[in-house]
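S.K.: mind looking at a prediction? Sequence and model below.
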Amino acid sequence: MNILFCSVGRRCELLKDFRKTLGDKVHMVVTDNSVYAPAPAFADVCYRVPLITAPEYIPTILDICKKEKIDAVTTLIDPEIAILSAHRKEFEELGVEVLAPYEETAKLCFDKFEMYKYLTEKGINTVKTYGCFDDFDKDYKEGNINLPVFVKPRTGSGSVGARKVDTYELLKEVTEKDPGLIIQELMTGKDMDADIYVDTISHKPVAVFSKKKISTTIGGANKTISFKDEKLFEFAQKALEVFKFNGPLDMDLFYQNGEYYLSEINPRFGGAYLHAYGAGVDFPSFIYRNVVEKKENAQQIGQYDENVVMMMYDSVVIDTLDNLEDRMREI
């Protein structure tokens, strides 16, 4: 399988997991805009590409797909998901499976306020959200929402800018300074997430790995513990019925007052997918079966052990500048 990981950045361990599972049955091609990205050290081929906002970006990625005979493409950053989804037809014409949601679903996942409205319309439990201060203010004065609240960017990524706000005055100030913030009810229940694989043939979830967050940092959870709950599995499957996903995704959830609430969905390999893989939930094998063998995966929801703990830590790649520059190809 020739697979292309776009915007690979620091995702070294993910590439190692693909190699561990598939060995010489996988040829990993990666892209990045920076010569200093560490993950290319663990790939077979790396290309230096323009910024994802550049008009030549997608033509460059399509050229790489032709040159490397790519079977499947995915991205590891949120802002690129909708870009790949919007060009699905061009990739499919080259025989490339786009491991990203379909276009409308991709747009909803990136815009957290639109996601809130959509989930509410579909009757899926979600976190009460306001698109602007005036809407919050009306509900606050009517006693429908209390302080403190949680604010975060409407189209943010990696928890950047997300924080608790305790007072009315401060909330008004921060939202005036940054109109791109959304305001959410502060959830005080358990914070957790699920790594999910949606089969690219059946378009149904075939694996759900749930974990409680012990510790988080910028970008997501860095210490988690696995658990199982049939109620969570049922909730996740019901929520996914109203979307069109394709491949891996990460679902953020809260458990409060005996109910699950969907916070947001990152339709890519989550940063803490490493936990799922370490517990035996093998997305690389699922992708290989879909893309190379052209077969559906059997459902494996909940097939892992509870109380498996992930403790993430930093490592390094040491190399010379000459080697880094030599490693990055130009298309």
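M.R.: Thanks, I have the structure now.
S.K.: OK, contacts around residue 148?
M.R.: Listed by C-beta atoms under 8 Å, 6 or more residues apart in numbering, the contact set of residue 148 reads 164, 165, 166, 167, 186. C-beta here means a position set from N, CA and C on the backbone, and glycine is covered the same way.
S.K.: next: residue 174.
M.R.: By C-beta under 8 Å, 6+ apart, residue 174 lies in contact with 151, 165, 181.
S.K.: do residue 192 as well
M.R.: 210, 211, 212, 213, 227, 232, 253, 254, 255.
S.K.: so where does residue 323 fall, helix or strand?
M.R.: helix 321-327 (DSSP states H and E).
S.K.: and that helix, what's buried?
M.R.: Neighbour-count burial for helix 321-327 flags 324, 327 (criterion: 16 or more other C-beta atoms under 10 Å).
S.K.: same for the lengthiest strand in the chain, what does it pack against?
M.R.: Secondary structure of the chain per DSSP state E: the longest strand is strand 205-217. On a contact count with 3 or more C-beta pairs under 8 Å, 6 or more residues apart in numbering; DSSP states H and E, strand 205-217 meets strand 190-198, strand 220-227, helix 230-240, helix 273-278, helix 283-291.
S.K.: and it, what's buried?
M.R.: 205, 206, 207, 208, 209, 210, 211, 213.
S.K.: pLDDT below threshold where in the stretch 201-331 of the chain?
M.R.: 219 (pLDDT under 70).
S.K.: backbone phi and psi for residue 179, please?
M.R.: phi -70, psi -10 (degrees, to the nearest 10).
S.K.: and it, how many neighbours?
M.R.: 10 (other C-beta atoms under 10 Å).
S.K.: wait, it sits on residue 132?
M.R.: Yes - at 7.2 Å, residue 179 counts as touching residue 132 under the criterion of C-beta atoms under 8 Å.
S.K.: can you tell me which of the contacts of residue 148 are buried?
M.R.: Among these, the ones that count as buried (16+ other C-beta under 10 Å) are 165, 186.
S.K.: turn the contacts of residue 148 into JSON lines, including pLDDT, secondary structure and distance to residue 316.
M.R.: What follows is these, written out as JSON lines (pLDDT from 0 to 100; DSSP: H, G, I helix; E, B strand; the rest coil; distance: C-beta to C-beta, whole Å):
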{"residue": "164", "pLDDT": "95", "secondary structure": "strand", "distance to residue 316": "33"}
{"residue": "165", "pLDDT": "97", "secondary structure": "strand", "distance to residue 316": "37"}
{"residue": "166", "pLDDT": "97", "secondary structure": "coil", "distance to residue 316": "39"}
{"residue": "167", "pLDDT": "97", "secondary structure": "coil", "distance to residue 316": "42"}
{"residue": "186", "pLDDT": "96", "secondary structure": "coil", "distance to residue 316": "37"}
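S.K.: so which of the contacts of residue 148 comes closest to residue 300?
M.R.: residue 186 (35.0 Å; C-beta to C-beta).
S.K.: would you list the phi and psi of the closest one?
M.R.: Dihedral angles (degrees, to the nearest 10) for residue 186: phi -80, psi 110.
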